[in-house]
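Chemist: Here's a sequence, model it:
(chains A and B)
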Amino acid sequence: MSIFSEIRRHVMAALDEMVADGTLPAGLDFGRVNVEPPRDPSHGDMATNAAMVLAKPAGSKPRDIAEALAGELAKRQEIDSAEVAGPGFINLRLDPALWRRCIGDVLAAGAAYGGSDTGGGAKVNIEYVSANPTGLLHMGHARGAVFGDALASLLAKVGYDVTREYYVNDAGNQIDILAESLIKRGRQLAGETIPDSEFEGFYPGEEVIDAARAANEEDPDWLSLPDGDRHAFARRQAVDFLMVRIREDLAHLGIEQEIYTSEAALVADGAVGRALDTLESRGLIYTGVLEPPKGKKPDDWEERPQTLFRATDFGDDVDRPLKKSNGEWTYFATDIAYHLDKYRRGFATLIDVWGADHGGYVKRMNAAVDAITEGEAALDVKICQLVNLMDKGEPVKMSKRAGNVVTIREVVDEIGKDVVRFIMLTRKNDAPLDFDFAKVTEQSKDNPVFYVQYAHARVHSVFRQARTTIPDLPLDDESLAEANLELLTDPGELALIKTIAGWPRIVESAAEAHEPHRLAFYLNDTAAEFHAHWNRGKDEAGLRLVVDSDRELTLARLAMIRALALVIASGLEVFGVMPVEEMR
RNA sequence: GCGCCCGUAGCUCAGUAGGAUAGAGCACGAGAUUCCUAAUCUCGGGGUCGCAGGUUCGAAUCCUGCCGGGCGCGCCA
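Modeler: Okay, here's the model as predicted:
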C-alpha cells in the first residue's frame, strides 16, 4: 500500500470515529474528501479538504469539523502533527520514518515500482498508427505511434490487460490508386517510358518502385495478367510489401503491435453487413437526404438520398452516411464493424489514437460505439496534434506530393529511437509539438532526454565513485535495503525521498487520465531535484553522497539515489527508452 | 455558418478532474568548479491565467456569451 492510500485510510477511519461518537451525523458521503500532498510543501506532507466538503451536509462550520478531525488524526502514531489552516484545510506532517520506508519499497520492487493492480486485469484495446499502407511512415505518424505505445505500457503497468492493435486500411479507393501506381512502376521497370505527368494523382514514393521489383520476383509475368487479376495482384503485392516496411520501421522505433486487423478481411467476411443489420434491427438506420454544410458548400453538391445512421440519437451533430453512391460501404460503416469486432473480442475499453485531421470524426465514432454495443463499451479517442519539424529553429518543409517527406526510418537511424520516443511524450497529446533536430540531439538541459538520462547516469557515476573510495562496501540492492535510513535527515534528502515516494501517484493519475506526458514532466522535475541535491554536496561537504569516513551514511545515501535511479528507469521503461549508465 | 481542440510570464509550456500566495524551462541580470561528471547548480526581476458574467466556502480548472488561433465539415481514409 502506498503512503498516500495509507494516510487516506487514516483520515477515513478518523471520520468514521467521529460519526460513531456523534461528532458528525451518520450517512455522510465521503466521496469528495481528498487527501493529497499540498502544492506548497511548507503546508506539510498531506492535506485534506474533509472539513470544507463536509461542513454543509453535516450542518456545522468547517473550522469546528476541522478542529475535531485534526485532534482525532493527531492521536495517530504515523501522524506527527495535524493543523487547521486557511478556510478549513487540515495539514498533516507525517513521521519521516514513513517516508523513508518508501525507499525500501522501491529497492524491493525495482523498476516495477509505481505499478499497481488498479486495472484489475480488465482488457483494454489500444489501436494506434493504423496508417494507410500507401507509403512509408513519416514523422507525422511517429507521435501517434509513440503515444499509443507508451499509453499501452502505462496502462499495463497499473494492471490492465492491454492489447496493442493496428487497423490496416487495405480496402477502398486509395488502395486501388496504390495498385495502379504499382502497375505503372512495373511497366516502367519493364522498359516502358512513362512521363512524370502520368503519376499525377498517384503515389510517387520510391517504395512503390521497390514494391514493383518485389512483384516481379513474385511473378515475372504479372503485368500480362488480365486487367482484373492484375489489379487484384497489384493490390495484394503493394499492401503486403508496404506493411512489411511499415512494421520494420515501427520495430526500429521499438514498437510491435500484436494484432493487425485488415479492413478488407472484415468486409470480405461480411462483418460490415452484420453490424449494420444489428443497427437496422434497432431502427437506427434510415434513408434520408442530408442538408449541405452551411458556409462551405462543395461545388459538386447534389441532393441525394443516402443510407444514414441515426448518430444524432447518440450525441452527434448530424446523421452519418454508411454507403457510397457506388454501393460500397463508407469508411465509417466499416469502422463501425471494426469497433464491434473489437468489442466482441472482449474489449469493453477501447482507445483509438488518431491524428489531428481526424478530430471531426470523434463524435460519430463515439456515437457508433455507443449504439452498436448498447452502451457496454467505452471508447476514448486520443487526438495527437501535429509535430512541427524544425532544425535550429527553422521549419523543415515536408510535402508528400513533392516526395520530400521525412520518414521515421531516416530520423531513427540518425538520432536514435530513444530520443524520438522521449521527445514525442514531452507534450500533452492534444497540443502541437515542436521537434527540433538540432535541439533534441544537444547535450544540455535544454534537451529533456539528455537531462533525465544524465540524472540516471550520474547516480551510476556516484556508485562508480563509491566503489573506488570504499571498495569493500557492498552495493547490491539487498545490501542497500539493509541501510539505516534514519541517517537521512537533511531537508534536501527528505524532499528527494518524498518525490521518489510520489511516483506511484503520478503513474496512477497519468494512467487514469490517459496522459503519459505527465510522466515526462515528473521525470524532468525529479532529475532537476537530484541535480540540485548533487550540487549541494559541492558547497557543503557534509552533504556529499559518498562520505569516505562514514560507511553507514554512505550506504543510506546510496540507497536513496539507487531508488531514484530505479524510479527514473521505471518511467523510461514505460516510454520504451533505455536508461543509460554513462554519458562520457 | 456549425462542431471539436486551444488561449497561463517577452518565448515554449506545466498546473496532479474545484483548493491555500498560479509554477518550470528558455531568454535577460548576478554568482558557484582544489571536491561524487560545471553536460550541472544557486539567486533575481518578470502575470488583470483572452474578455465579461454565473455556479460555491473556494475557479486557470465547471456553465453561458463574446474575442482571437488551429483542425474538420455528404459518396476520402
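Chemist: from here on, contacts and neighbour counts on C-alpha atoms
Modeler: Fine.
Chemist: Residue A:328 and residue A:228, how far apart?
Modeler: 18 Å (CA to CA, to the nearest Å).
Chemist: So between these two, which is more surrounded?
Modeler: residue A:328 (13 against 9; other CA atoms under 10 Å).
Chemist: Quick check on that one: phi, psi?
Modeler: Main-chain torsions, residue A:328, degrees, to the nearest 10: phi -80, psi 160.
Chemist: What is the least confident helix or strand in chain A?
Modeler: The least trusted helix or strand in chain A, going by mean pLDDT, DSSP states H and E, turns out to be strand A:394-395, with a mean of 78.
Chemist: how does chain A divide into domains?
Modeler: A:3-94, A:123-167+A:256-384, A:173-252, A:444-575 (automatic domain parsing).
Chemist: Now distance to RNA strand B too, for those, in CSV please.
Modeler: Below are these laid out as CSV (distance: least, CA to the nearest atom of the strand, whole Å):
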stretch, distance to RNA strand B
domain A:3-94, 4
domain A:123-167+A:256-384, 3
domain A:173-252, 5
domain A:444-575, 3
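Chemist: What pairs with the least confident helix or strand of chain A, parallel or antiparallel?
Modeler: Strand A:394-395 has the following strand partners under DSSP bridges: strand A:387-391 (antiparallel).
Chemist: related to what we said a few turns ago, tell me the gap between the least confident helix or strand of chain A and the middle of its chain.
Modeler: 27 Å (CA atoms, centre = their mean, to the nearest Å).
Chemist: Then stretch A:21-31?
Modeler: Distance, stretch centre to chain centre, for stretch A:21-31: 39 Å (CA atoms, centre = their mean).
Chemist: residues making contact with that stretch?
Modeler: A:15, A:18-20, A:50, A:54, A:57-58, A:68 (CA atoms under 8 Å, 6 or more residues apart in numbering).
Chemist: Go through the helix or strand where residue A:56 lies and flag the buried ones.
Modeler: Residue A:56 belongs to helix A:50-58 when assigned by DSSP states H and E. Across helix A:50-58, burial judged by 16 or more other CA atoms under 10 Å covers A:50-55, A:58.
Chemist: Could you do stretch A:88-106 as well?
Modeler: Under 16+ other CA under 10 Å, the buried positions of stretch A:88-106 are A:88-94, A:96, A:99-106.
Chemist: For these, point out the one with the lowest pLDDT.
Modeler: Least confident entry in these, by pLDDT: residue A:88, with 89.
Chemist: quick revisit: which secondary structure elements does whichever helix or strand comes after the least confident helix or strand of chain A contact?
Modeler: On the C-terminal side of strand A:394-395, the closest following helix or strand by DSSP H and E is helix A:408-415. Under the contact definition 3 or more CA pairs under 8 Å, 6 or more residues apart in numbering; DSSP states H and E, helix A:408-415 sits against helix A:139-157, helix A:227-252.
Chemist: try it again with 10 Å
Modeler: Applying 3 or more CA pairs under 10 Å, 6 or more residues apart in numbering; DSSP states H and E, one finds that helix A:408-415 contacts helix A:139-157, helix A:227-252, helix A:417-424, helix A:437-440.
Chemist: I'd like the next helix or strand past the second one.
Modeler: It refers to helix A:227-252. Taking DSSP H and E, what comes next after helix A:227-252 is strand A:259-262.
Chemist: contact partners of that next one?
Modeler: By CA atoms under 10 Å, 6 or more residues apart in numbering, the list of residues contacting strand A:259-262 from outside reads A:125, A:127, A:130, A:163-171, A:243, A:268, A:338, A:341-342.
Chemist: In CSV, could you pull the C-alpha coordinates for whichever helix or strand comes after that strand?
Modeler: Toward the C-terminus, strand A:259-262 is succeeded by helix A:263-268 as the next helix or strand (DSSP H and E). The C-alpha trace of helix A:263-268 is given here as CSV (Å, rounded to 0.1, in the frame of the first residue of the first chain):
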residue,chain,number,x,y,z
GLU,A,263,-10.3,-3.8,-43.2
ALA,A,264,-10.6,-5.8,-46.4
ALA,A,265,-10.9,-9.0,-44.5
LEU,A,266,-13.7,-7.6,-42.3
VAL,A,267,-15.5,-6.6,-45.5
ALA,A,268,-14.9,-9.9,-47.2
